[in-house]
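Chemist: can you look at this prediction? I've put the sequence above it.
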Amino acid sequence: MPEAYIALGGNLGDVSATFASACRAIGHLPGTKILLRSKLYRTPPWGMTEQPNFLNACIKIETSLPPQELMEKLLKIESAHRRVRARGLRYGPRPLDLDILSYGDVEMETEKLKLPHPELFNRAFVLIPLADIAADLVIAGRRVGEAAASCDSAGITPLKEIY
């Protein structure tokens, strides 16, 4: 069964509880099982900096869902957690953001999904938690642990909270 890595982010409400709820929902998707969870990290906002800090994490799943169907289900989970994807507003505050970082060796680009995630190696708030669970994973020819070690991780703090 294919393995996929999903990034979780949020900065509105009880984000740790939202992550726990989202993970339960992901684990209940047809043919899907959560294999690993990273630590939870407090991270500074990125893109739009005048907003509260974020919490970020990553999970590893195995799933029988094809990538596009998995993304559709993740968007429904976001919506169920009060996420509104407003046109023109990127990088703003949100209770939950779910992104597929990689899905096996799949490379694809559609209007709604690009794999591997095109900004993965530009975002320390994703690389650091991903390296917790997949330091040896190679995505697009780059080893996650090496990329995480060389990124600017200023302001990224691991937390003891459980999600």
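Modeler: In hand now; what should we look at?

Chemist: how about the helices of the protein, start to end?
Modeler: Remark: helices of the chain, listed N- to C-terminal, are 15-27, 67-80, 124-134, 144-150; assignment by DSSP state H.

Chemist: what lies in contact with the shortest one?
Modeler: Contacts of helix 144-150 from elsewhere in the structure, counted by CB atoms under 8 Å, 6 or more residues apart in numbering, are 121, 124, 127, 128, 130, 131, 134, 135, 136, 137, 138. All C-beta atoms are positioned from the backbone trio N, CA, C, and that covers glycine.

Chemist: closest to residue 97 out of those?
Modeler: Distances from residue 97 to the contacts of helix 144-150, taken as CB to CB, are shortest for residue 130 (14.6 Å).

Chemist: dump the contacts of helix 144-150 to JSON lines, plus neighbour count.
Modeler: Listed next are the contacts of helix 144-150 as JSON lines, based on neighbours: other CB atoms under 10 Å:
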{"residue": "121", "neighbour count": "18"}
{"residue": "124", "neighbour count": "22"}
{"residue": "127", "neighbour count": "25"}
{"residue": "128", "neighbour count": "25"}
{"residue": "130", "neighbour count": "29"}
{"residue": "131", "neighbour count": "21"}
{"residue": "134", "neighbour count": "22"}
{"residue": "135", "neighbour count": "14"}
{"residue": "136", "neighbour count": "9"}
{"residue": "137", "neighbour count": "17"}
{"residue": "138", "neighbour count": "13"}
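
Chemist: make TSV out of the residues you listed and add distance to residue 40 and pLDDT.
Modeler: Rendered in TSV, the data for these read as follows (distance: CB to CB, whole Å; pLDDT from 0 to 100):
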residue	distance to residue 40	pLDDT
121	22	96
124	15	96
127	15	97
128	11	97
130	13	98
131	14	98
134	16	98
135	18	98
136	22	98
137	20	97
138	25	97
